[in-house]
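Peer 1: I need the structure of the sequence given here:
(chains A and B)
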Amino acid sequence: MIAHAMLALGGAVMLAPFLWMLLTSLRPASGVFGGFSLAALEGFGNYAYALETAPLLRFMLNGVIVCAGILVVQLLVAIPCAYALAKLPFRGRGAMFGLVLAALCIPIQVPALPLYLGLAHVGLLDTYLAMMLPFFLSVFAIFLFRQFFKSFPDEIIQAARLDGAGEFEIVWRFVAPSALPAIAAFSIFSVVAHWNDLYWPLIVITETRLAPPPLGMLYFRDVETGSNYGALMAGATIITAPLVIAFLVARRRFIQGVTMTGLK
Amino acid sequence: MSTAIALAATREPLLRAGHAFAAPAALLLFLIYIVPVGVLAWLSLTDYELGAVRTEFLGLANFERALADPVFRRSIVNTFAYVAIVLPGGVGLGLLAALLVHRRIRTRSLYEVIYFLPVTSTLIAMATVWQFLLHPRLGPVREITLGLGLGEVAFLSDPTLVLPSLAAIGIWQLVGFNMILFLAGLSAIPRDLYEAAALDGAGGPVDRFLRVTWPLLGPTTMFVTITTSITAFKVFDTVAVLTQGGPTGASEVLLYAIYLEGFQYFRIGYAAALTLIFLAFILVFSVMQAAALDRRVHYG
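Peer 2: Model prediction:
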């Protein structure tokens, strides 16, 4: 009984911001601070206003482009490398894995300053590429996939080689599909991280039309200067909705992903 | 002899494939980590500023300046204070939620969804919502503080309350994540251990927790503690959006200080030194995390 009460109370605290956001977004500007009444619901006026004032859909498109670009390159780079580290004897393998482990300990905020200077030097600031480049390499993906690939049976690889399959084919046709749960878990982790990232876009993007959702939200806040809470909450709802809906749809996968990787 | 040749002949393509497969990652590792960290170390020894005519070698002067700089020292103190709240709060509440949810059968997945929701939501957007909730005159939390006889509470503009308020938002975002990790740990504890403990006379819930659950959750608790420390140590978003380090520097934190020096004032050399100090702190945690991750992923 006490357990139920505590969980319900905690759940209420967890949900309160979401409920408040939704309720406020549906009420007219004048009625925000009064009591609740269904008659005061203004339908979706705030949403229309928010979408008119700021290119929120553009921000989301930017988010999709950046997240997709990052994820595709991350997988294309990490999967072969992880396979090489797990199964192929090549010179420098130990050193490479050592570097991967070392890089795992360095958050992106550390190389950010030189990366910014480099991108500025080659005139790439304010581009999608600048937003994506530092994340093309996920040492965490290499690390995670390597662990999974290591348990892939050597006999199958040998048999495939005897059948004349090249290493390229072995990776993409046999080994990678066997680690699909790990790849799905990593993909969720990657998309959530980059959809929500503010630090790096804040540094390399100054043009509104290139802003991903969090940066766009920041611009939208500034435009609204915090006065029109209905529109502000409508904007917040729009920006938050894609990942929340994705989570509600693929709940099991999200939770498995966290359990498997231990990272968010 | 002939087998050695045959072996060499089959190994040769494998060697080449290995190099080819590792090459893109190696190149990116070089461009994204090795060169930038090297450049960062060099910059930290100079007075380089963006657009400066000449740059001088300073030796360790930037580090001496940083450690004597009251603004930077305050940001270190504030960051640790923030971690000191978020760490016990995030880990403790995550564990509590997991213990409570673990035994629910019908409502378990409902609570999982509710508690995990803040983890996936965009913090910038939700921070804006929190700002509104906590607004001393317009927010709904006002009703609670008035009801408790506390009057109007300026959560985000009172220097003594701003860090705890930001920490509360941080905990709100983190609890569900930690809960999921603890739930996985709890599921891995064999049932018969509880039965054995009951036979030994440890039948009550507190006894069971202290004699079975807590010791067996050790590795999970360790992992959650490290991850939470790192997340808390890198606090940036809520500060950048809600307080900009204010009021009067009361919420100035490490990453925000580095961001201002490097990307707003463009005092690159000094910011590079600050970044290396930040790295020194975070390495303590992240090396432990990498080691723990190594053990974790094996049975993942």
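
Peer 1: Smallest distance to chain B belongs to which residue of the stretch 51-200 of chain A?
Peer 2: A:Phe90 (2.7 Å; CB to the nearest CB). In short, each C-beta sits where N, CA and C put it, glycine included.

Peer 1: where does that residue land in three-state SS?
Peer 2: Assigned with DSSP: H, G, I helix; E, B strand; the rest coil, A:Phe90 falls in the coil class.

Peer 1: For B:Thr46, grab phi and psi.
Peer 2: With angles defined as degrees, to the nearest 10, B:Thr46 sits at phi -120, psi 170.

Peer 1: what sits against the closest residue in space to it that isn't next to it in sequence?
Peer 2: Take B:Thr46 and drop its neighbours on the chain: the residue closest to it by CB to CB, 6 or more residues apart in numbering or on different chains is B:Gly269, 4.5 Å away. Residues near B:Gly269 by CB atoms under 8 Å, 6 or more residues apart in numbering or on different chains: B:43-49, B:55, B:58, B:62.

Peer 1: mind running it again at 7 Å?
Peer 2: B:Gly269 makes contacts with B:43-44, B:46-49, B:58, B:62, as judged by CB atoms under 7 Å, 6 or more residues apart in numbering or on different chains.

Peer 1: which stretches of the stretch 151-264 of chain A aren't confidently modelled?
Peer 2: For the stretch 151-264 of chain A, applying pLDDT under 70 flags the ranges A:224-227, A:262-264.

Peer 1: For the stretch 151-300 of chain B, which residues are neighbours of chain A?
Peer 2: Selection of the stretch 151-300 of chain B residues close to chain A by CB under 7 Å from any CB of the partner chain yields B:176-177, B:180-181, B:184, B:223, B:227, B:234, B:236-237, B:240-241, B:255, B:258, B:262-263, B:268, B:271-272, B:275, B:279, B:282-283, B:286-287, B:290, B:293, B:296-298, B:300.

Peer 1: which of those count as buried?
Peer 2: Buried members of those, counted by 16 or more other CB atoms under 10 Å in any protein chain shown: B:176-177, B:180-181, B:184, B:223, B:227, B:234, B:236-237, B:240-241, B:255, B:258, B:262-263, B:268, B:271-272, B:275, B:279, B:282, B:286, B:290, B:293, B:296-297, B:300.

Peer 1: taking those residues one by one, which sit in helices?
Peer 2: Cross-referencing those against helices under DSSP state H gives B:176-177, B:180-181, B:184, B:223, B:227, B:237, B:255, B:258, B:268, B:271-272, B:275, B:279, B:282, B:286, B:290, B:293, B:296-297.

Peer 1: For stretch A:254-264, which outside residues touch it?
Peer 2: In this structure, residues lying in contact with stretch A:254-264 by CB under 7 Å, 6+ apart are A:140, A:144, A:182, A:184-186, A:188-189, A:192, A:247, B:112, B:116, B:119-120, B:177, B:180-181, B:184, B:223, B:227, B:293, B:296, B:300.

Peer 1: Not counting its neighbours along the chain, what's nearest the residue of the stretch 1-150 of chain B found nearest chain A?
Peer 2: Relative to chain A, the nearest point of the stretch 1-150 of chain B is B:Gly18 (2.7 Å; CB to the nearest CB). Once flanking residues are discounted, B:Gly18 sits nearest to A:Phe90: 2.7 Å by CB to CB, 6+ apart.

Peer 1: any idea of the pLDDT on residue 24?
Peer 2: You didn't pick a chain, so chain A it is. For A:Thr24, the pLDDT comes out at 87.

Peer 1: my question was about chain B
Peer 2: 97.

Peer 1: thinking again about what came up before, could you check how far the residue nearest to B:Gly18 is from A:Asn62?
Peer 2: For A:Phe90, the distance to A:Asn62 equals 39 Å [CB to CB, to the nearest Å].

Peer 1: okay, those two: which has more neighbours?
Peer 2: Between A:Phe90 and A:Asn62, counting by other CB atoms under 10 Å in any protein chain shown, A:Asn62 is the more crowded of the two (22 against 18).

Peer 1: Helix or strand: which one has that one?
Peer 2: A:Asn62 belongs to helix A:56-87 when assigned by DSSP states H and E.

Peer 1: what's that helix packed up against?
Peer 2: Applying 3 or more CB pairs under 7 Å, 6 or more residues apart in numbering or on different chains; DSSP states H and E, one finds that helix A:56-87 makes contact with helix A:93-104, helix A:128-132, helix A:139-150, helix A:180-196, helix A:213-224, helix A:229-249, helix B:2-29.

Peer 1: Please spell out which residues along that helix are buried.
Peer 2: Going by 16+ other CB under 10 Å, helix A:56-87 has these buried residues: A:56, A:59-60, A:62-63, A:66-67, A:69-71, A:73-75, A:77-87.

Peer 1: So which residues of the stretch 101-250 of chain B form helices?
Peer 2: B:108-120, B:123-133, B:141-147, B:162-187, B:191-199, B:205-208, B:214-216, B:218-233, B:237-238 (DSSP state H, counting those that start in this stretch).

Peer 1: For the ones you listed, please prepare JSON lines with the additional fields mean pLDDT and distance to B:Leu95.
Peer 2: As requested, the helices of the stretch 101-250 of chain B are arranged in JSON lines below (pLDDT from 0 to 100; distance: least, CB to CB, whole Å):
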{"stretch": "helix B:108-120", "mean pLDDT": "93", "distance to B:Leu95": "12"}
{"stretch": "helix B:123-133", "mean pLDDT": "92", "distance to B:Leu95": "23"}
{"stretch": "helix B:141-147", "mean pLDDT": "87", "distance to B:Leu95": "26"}
{"stretch": "helix B:162-187", "mean pLDDT": "95", "distance to B:Leu95": "5"}
{"stretch": "helix B:191-199", "mean pLDDT": "86", "distance to B:Leu95": "17"}
{"stretch": "helix B:205-208", "mean pLDDT": "85", "distance to B:Leu95": "14"}
{"stretch": "helix B:214-216", "mean pLDDT": "91", "distance to B:Leu95": "9"}
{"stretch": "helix B:218-233", "mean pLDDT": "92", "distance to B:Leu95": "7"}
{"stretch": "helix B:237-238", "mean pLDDT": "94", "distance to B:Leu95": "23"}
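
Peer 1: Quick one: these as a markdown table, columns for distance to B:Leu67 too.
Peer 2: Conversion of those to a markdown table gives the following (distance: least, CB to CB, whole Å):
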| stretch | distance to B:Leu67 |
| --- | --- |
| helix B:108-120 | 36 |
| helix B:123-133 | 31 |
| helix B:141-147 | 39 |
| helix B:162-187 | 22 |
| helix B:191-199 | 50 |
| helix B:205-208 | 46 |
| helix B:214-216 | 40 |
| helix B:218-233 | 18 |
| helix B:237-238 | 26 |
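
Peer 1: so which of the ones you listed gets nearest B:Val71?
Peer 2: Closest approach to B:Val71 among the helices of the stretch 101-250 of chain B (CB to CB): helix B:162-187, 15.8 Å.

Peer 1: how about the residues of the stretch 51-200 of chain A near chain B?
Peer 2: A:77-78, A:80-81, A:83-84, A:88-90, A:93, A:96, A:99, A:101, A:103-107, A:109-111, A:113-116, A:134, A:136-137, A:142, A:144, A:147, A:167, A:192, A:195-196, A:198-199.

Peer 1: Show me which of those are buried.
Peer 2: A:77-78, A:80-81, A:83-84, A:88, A:90, A:93, A:96, A:99, A:101, A:103-107, A:109-111, A:113-116, A:134, A:136-137, A:142, A:144, A:147, A:167, A:192, A:195-196, A:198-199.

Peer 1: surely A:Met96 meets B:Ala26?
Peer 2: Yes. Using CB atoms under 7 Å, A:Met96 is in contact with B:Ala26, at 6.3 Å.
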